[in-house]
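> no sequence for this one, just the structure:
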């Protein structure tokens, strides 16, 4: 998937500290991976912290109803981290790539260039 970093500027009305947009890398961890890596079941998502301007990759642990920021940094570093985490638990996948704001590497829904901004 192509992801535009500018698609994370709108605040979440329930928590204005974070972007409304989040990208989920996976919704759960397979049982075998949980056993192998000794990790609890969780969701992995990308969001932007609007107070710091940094991107966060965070885990949401269902059983504990808690979040854990696993990575904080630049947009491209966050994509790299999230892609590696997904590959670790799910096997090698096509990596998500940053939007280049023109065809063919364009986030058709969230890039402001696509919307004419």
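That came in fine, so what should we check first? All figures in this text were calculated on a predicted structure; none of them were measured in a lab. Numbers count the residues shown, from 1 in each chain.
> Identify the residues contacting the residue nearest in space to the middle of the chain.
For the chain, residue 46 is the residue whose C-alpha lies nearest the centre (C-alpha atoms, centre = their mean; 2.0 Å). Contact partners of residue 46, counting by C-beta atoms under 8 Å, 6 or more residues apart in numbering, are 3, 22-23, 25, 55-57, 78-79, 82. To be clear about C-beta, it is placed using only N, CA and C from the backbone, and glycine gets the same treatment.
> Of the residues you listed, grab the buried ones for PyMOL.
In PyMOL, a selection of the buried entries from these looks like this (16 or more other C-beta atoms under 10 Å):
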select buried, resi 3+23+25+55+56+57+78+79+82
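> Buried residues, stretch 43-61. List them.
Those would be 43-50, 54-60, for stretch 43-61 by 16+ other C-beta under 10 Å.
> of all these, which comes closest to residue 105?
residue 46 (17.5 Å; C-beta to C-beta).
> got the contacts of residue 46 as a markdown table, with secondary structure, pLDDT and distance to residue 15 columns?
Output for the contacts of residue 46, formatted as a markdown table (DSSP: H, G, I helix; E, B strand; the rest coil; pLDDT from 0 to 100; distance: C-beta to C-beta, whole Å):
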| residue | secondary structure | pLDDT | distance to residue 15 |
| --- | --- | --- | --- |
| 3 | strand | 98 | 21 |
| 22 | coil | 97 | 11 |
| 23 | strand | 98 | 17 |
| 25 | strand | 98 | 20 |
| 55 | strand | 98 | 16 |
| 56 | strand | 98 | 12 |
| 57 | strand | 98 | 17 |
| 78 | helix | 98 | 18 |
| 79 | helix | 98 | 22 |
| 82 | helix | 98 | 20 |
